[in-house]
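Q: 3D, please:
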Amino acid sequence: MKKLLCVFFLPVWVFADNWPAWRGMDGNGICHEKGVPIKWDTSNILWKADLPGESASTPAVWNDHVFVTASNGEQHLVYCFKTDGALKWKHEITGGLKVVRGGEGNSACISPVTDGEHVWFKFSTGHVLCYNFDGKEVWRTNLQERYGKYKVGFVISATPVLHEDKWFYQVTHEKDPYVVALNKKTGKELWKVRRETDARNECEHAYTSPILYKDGDLVQLVSHGSDYVIGYDVNTGKELWRSGGLQTDPYHKTLRFIASPAAVPGQIVVPSAKNQMMISVNPRGAKGDITKGKNFQWSIPKGTPDVPNPLIHDGIVYICREKSGIVNAYDAATGDEIYTERIHGGLYRGSPVYADGHIYYTCRDGMVSVIKAGRNFKLVSENSLNGEAMTASPAISNGVIYLHTHKGLYAIK
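A: Numbers count the residues shown, from 1 in each chain. The predicted model follows:
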């Protein structure tokens, strides 16, 4: 009887998610835990770890380990904290720090990924580093040295994804864009394919990240950028399908994509940029060019998010505009608008996440707005951490929200 009572009174968040990558356990920004904080101030802060400089990377969390990147103005830094806030290890990574857009971003912006045994860090310098959980380096490489210099206006900022023994990455830039799969344990190339596109001018440049589309036993690598979203075979790199429908008429020469797609079984919602179109496609059975074909579900002509990713949950697509604090909800099946509302005004760089019936939106000025999920808009709370700038998305694990600001890493419960 005592044992039953003990189980009954355990906190509901004891059945915890890890948050192993930028968009969480399933790669879709969804946390499955209950009892996640929806309102906080300084009294909710479990701990804060000071960091020496800016980075837009979202923390990766696995059990009692938290990984994050930072910069000190000259170098790139990688950190491993314990979930009690204690620093377990850190490393300085050589290579000049590149700062872009007047300090809005830098080459330490890419989020780490982990599989519970190792953690991988990628920087816009081309460096890729794999460590075990004790901080011992397992392997390193530099994609620019292996495959050629990056040719992009700002910084290559794609976050890698993992699947089985593979570490995937995309480089969407001028002349020779590619998608590559490395052996995650050794760094050895498994396959590399040219990412075919007829995009031109600035449209060749994309700052998006690849995602995995998972539908039962079906797993595909999805790469978005340079006017197209493309599905690849994860084992061979063979192109399976592609969709356009993201350009304007006449051709928009500066339509460079930043926001990445969001996926659920039977659907991938694909943003474009600069308040232009957003489309939805169904990869099931897709082959070849599916633009406007039977696998093309719907298109919205205006209002795409420019930087934050879309979020799909319970039949609703949530987006947040980059500059206005306007959030939209669309019916996932039809693309019909459900509502348009305004939350806190400002620049939005982080992507929304879902947890326990709520959507979390992070503004660059540090404000986190929480709304009720569903077809009726309700602003639940607005929460700030002393006005510290933040361009990372939240990470949620074991009932704790981790927020990476430009000054530190916060744990909130």
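
Q: Show me the strands paired with whichever strand or helix holds Val128, marking each as parallel or antiparallel.
A: According to DSSP states H and E, Val128 maps onto strand 127-132. Within its sheet, strand 127-132 is paired with strand 118-122 (antiparallel), strand 137-142 (antiparallel), according to DSSP bridges.

Q: residues of that strand that come out buried?
A: Residues His127, Val128, Leu129, Cys130, Tyr131 are the ones in strand 127-132 that count as buried (16 or more other Cβ atoms under 10 Å). Just so you know, the C-beta spots here come from the backbone N, C-alpha and C atoms, and that holds for glycine as well.

Q: tell me which of those residues is nearest to Trp89?
A: Within these, the smallest distance to Trp89 is 8.2 Å, found for Tyr131 (Cβ to Cβ).

Q: picking up where we left off before, out of the strands paired with strand 127-132, which one sits most buried?
A: Among the strands paired with strand 127-132, strand 118-122 has the highest mean neighbour count (mean count of other Cβ atoms under 10 Å), at a mean of 23.

Q: Which residues does that one contact?
A: 60, 65, 67, 69, 78, 80, 93, 110, 112-114, 127-133, 138, 158-160, 162, 167, 169, 184-185 (Cβ atoms under 8 Å, 6 or more residues apart in numbering).

Q: out of those residues, which are buried?
A: Buried among those by 16+ other Cβ under 10 Å: 60, 65, 67, 69, 78, 80, 93, 110, 112-114, 127-131, 133, 138, 158-160, 162, 167, 169, 184.

Q: OK, contacts around the nearest residue to Glu388 once chain neighbours are set aside?
A: Excluding its sequence neighbours, the residue lying closest to Glu388 (Cβ to Cβ, 6 or more residues apart in numbering) is Thr405, at 3.9 Å. By Cβ under 8 Å, 6+ apart, the residues touching Thr405 are Gly366, Leu385, Glu388, Ala389, Met390, Ala392.

Q: okay, who's weakest in those by pLDDT?
A: In terms of pLDDT, the weakest of those is Leu385, which scores 82.

Q: Was I right to think that residue contacts Leu409?
A: No. Using Cβ atoms under 8 Å, Leu385 is not in contact with Leu409; the gap is 10.9 Å.

Q: Now list whatever residues contact both of the two.
A: The contact lists of Leu385 and Leu409 share Leu403, where a contact means Cβ under 8 Å, 6+ apart.

Q: all helices for the protein, in order.
A: 2-8, 143-147 (DSSP state H).

Q: Wait, Ala332 touches Gly266, no?
A: No. Counting by Cβ under 8 Å, Ala332 does not reach Gly266; the two are 9.6 Å apart.

Q: the more surrounded of these two?
A: Taking other Cβ atoms under 10 Å, Ala332 and Gly266 do not tie; Ala332 has more neighbours (24 against 15).

Q: which residues touch Trp89?
A: Tyr79, Cys80, Asp134, Gly135.

Q: Output those residues in CSV, with pLDDT and distance to Leu46 appended to each entry.
A: Output for the contacts of Trp89, formatted as CSV (pLDDT from 0 to 100; distance: Cβ to Cβ, whole Å):
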residue, pLDDT, distance to Leu46
Tyr79, 98, 17
Cys80, 98, 17
Asp134, 98, 24
Gly135, 98, 23
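
Q: Just the buried subset of these, written out for PyMOL, thanks.
A: A single PyMOL command selects the buried members of the contacts of Trp89 (16+ other Cβ under 10 Å):
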select buried, resi 79+80
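
Q: ok, which pair from the contacts of Trp89 is furthest apart?
A: Within the contacts of Trp89, Tyr79 and Asp134 form the most distant pair, 13.9 Å apart (Cβ to Cβ).

Q: correct me, but Ile319 touches Asp306?
A: No. Applying Cβ under 8 Å, one finds Ile319 not in contact with Asp306, separated by 9.9 Å.

Q: tell me the contacts of Pro265?
A: Pro265 sits in contact with Lys214, Asp215, Gly216, where contact means Cβ under 8 Å, 6+ apart.

Q: Selecting buried members of the residues you listed in ChimeraX, what would you type?
A: The buried residues among the contacts of Pro265 can be selected in ChimeraX (16+ other Cβ under 10 Å) with this line:
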select :214
